[in-house]
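Visitor: give the three-dimensional model of this entry:
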Amino acid sequence: MTEQYIYEVTVDVDVTILDAWKTWIVDHVNHIVNLEKGNLFSKSNIFEVNTGLLDPTTCTKGRPISFVIQYWATSANSIPTYIQKYSDELRKDGLEKFGDKMKASRRVLVEKKSIHNPPQTSTFGYVF
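Guide: You can find the predicted model right below:
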């Protein structure tokens, strides 16, 4: 199996800028995925963290909302290339627009194993 590299950004967004940030982040992520004609990242996913499903007693009213953005690298070299050539300018763009109303952290994930359900049909169950 070829290793899949994922550049992951977690962002805590202040509720006072949430609507503007949600609009901006889609364009921002689209721009990143299209860098170098799409040769750095093949796709990206934007997730909102939902802590209420794990603990319904959690109150998030007024607290920052967390998002996770995953960029699927086309190769092991894509992430260092992105960081060296583009990340400073793109981070600056977010900071100029939203200042300290958003906080980001980053990490790189390396997929080691992908596990899937066996194929199934509605009549016969598992297909081998």
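
Visitor: every contact and neighbour count from this point should use C-alpha atoms.
Guide: Will do.

Visitor: tell me, how many residues neighbour the spatially closest residue to Pro64 that is not a sequence neighbour?
Guide: Computed as Cα to Cα, 6 or more residues apart in numbering, the closest residue to Pro64 that is not its neighbour in sequence is Asp14, at 4.5 Å. The number of residues packed near Asp14 is 18, by other Cα atoms under 10 Å.

Visitor: ok, Asp14 to Tyr7 distance?
Guide: Per Cα to Cα, to the nearest Å, Asp14 is found 23 Å from Tyr7.

Visitor: as a check, name the ranges of all helices in the chain.
Guide: Counting by DSSP state H, the chain has helices at residues 18-33, 78-82, 88-98.

Visitor: what's the angle from the last one to helix 18-33?
Guide: Computed with axes from the mean of the first three to the mean of the last three Cα atoms, to 10 degrees, the direction of helix 88-98 lies at 170 degrees from that of helix 18-33.

Visitor: who wins for proximity to Glu111 among the helices of the chain?
Guide: Counting by Cα to Cα, Glu111 lies closest to helix 78-82 out of the helices of the chain; the figure is 14.5 Å.

Visitor: mind exporting the closest one as PDB, just the C-alpha atoms?
Guide: Taking C-alpha atoms only, helix 78-82 is exported to PDB below (Å, rounded to 0.1, in the frame of the first residue of the first chain):
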ATOM      1  CA  SER A  78       3.600  18.000  -1.400                       C
ATOM      2  CA  ILE A  79       3.400  19.100   2.200                       C
ATOM      3  CA  PRO A  80       7.000  20.400   2.500                       C
ATOM      4  CA  THR A  81       6.600  22.200  -0.900                       C
ATOM      5  CA  TYR A  82       3.300  23.800   0.300                       C
END
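
Visitor: average pLDDT across it?
Guide: For helix 78-82, mean pLDDT rounds to 98.

Visitor: distance check, the residue nearest the centre of the chain against Thr121.
Guide: Centroid-nearest residue in the chain: Ile69, 1.1 Å away (criterion: Cα atoms, centre = their mean). Here Ile69 is placed at a distance of 34 Å from Thr121 (Cα to Cα).

Visitor: equivalent analysis for Val68, please.
Guide: Taken as Cα to Cα, the span from Val68 to Thr121 is 34 Å.
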